[in-house]
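>>> with the sequence up front, the predicted model follows.
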Amino acid sequence: MIGRLLAALALLVVAACARAGQGHAPGLGEIAGDWRGRWLGPAGHAVAALAVKPDGGYRMTMYLDGGDRESAGAVTALPSGRLRYQGADGNGWVSVEDGRLRFVPDGGGGGGVFQRME
């Protein structure tokens with residue numbers, strides 16, 4: 001009985017340590033709001049504004065030299081707690097690191113980094 005208890009405790013410690021290395025997985029409510037930053041995508045590299053709703057829906061405007069470009073999509077929370085985005089500019093992972101909201105596309109190359117507007 002004590003052996004099983006110790007084995008279960010060891011498993012919990014290992015799982016907690018592994019999860020700690022992944023950083024903070026934000027919830028949808030934590031990323032809701034207005035963000036400003038830069039986006040690199042098929043249309044180019046530009047300053048961008050991002051508005052995320054509490055349900056994960058988002059709208060982004062890229063301010064390009066040739067005119068503004070708008071896109072939309074949704075961020076969803078997976079059972080693991082990680083966030084994914086799917087939108088007009090592709091699909092990928094969402095994270096918050098050092099107060100910055102990051103969109104990292106599948107396959108790399110592009111994405112965006114945003115800071116919350118106060």
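Received, thanks.

>>> switch to C-alpha atoms for all contacts and neighbour counts from now on
Fine.

>>> what sits closest to the most centrally placed residue in the chain if chain neighbours are left out?
For the chain, the residue nearest the mean C-alpha position is residue 94 (1.5 Å; CA atoms, centre = their mean). Ranked by CA to CA, 6 or more residues apart in numbering and with sequence neighbours excluded, the top spatial neighbour of residue 94 is residue 103, at 4.7 Å.

>>> show me what the helix or strand where that neighbour lies is packed against.
Here residue 103, judged by DSSP states H and E, is contained in strand 100-105. Applying 3 or more CA pairs under 8 Å, 6 or more residues apart in numbering; DSSP states H and E, we find strand 100-105 packed against strand 90-97, strand 111-116.

>>> go again using 10 Å as the cut-off
strand 33-41, strand 83-87, strand 90-97, strand 111-116 (3 or more CA pairs under 10 Å, 6 or more residues apart in numbering; DSSP states H and E).

>>> to residue 77, which of those lies closest?
strand 83-87 (4.6 Å; CA to CA).

>>> residues in contact with the closest one?
Residues from elsewhere that reach strand 83-87 (CA atoms under 10 Å, 6 or more residues apart in numbering): 25-28, 56-59, 71-78, 91-96, 103-106.

>>> what's downstream of the lowest-mean-pLDDT helix or strand in the chain, the next helix or strand?
Least confident helix or strand of the chain, by mean pLDDT, DSSP states H and E, is helix 2-20 with a mean of 39. Per DSSP H and E, helix 2-20 leads on to helix 28-31 as the next helix or strand towards the C-terminus.
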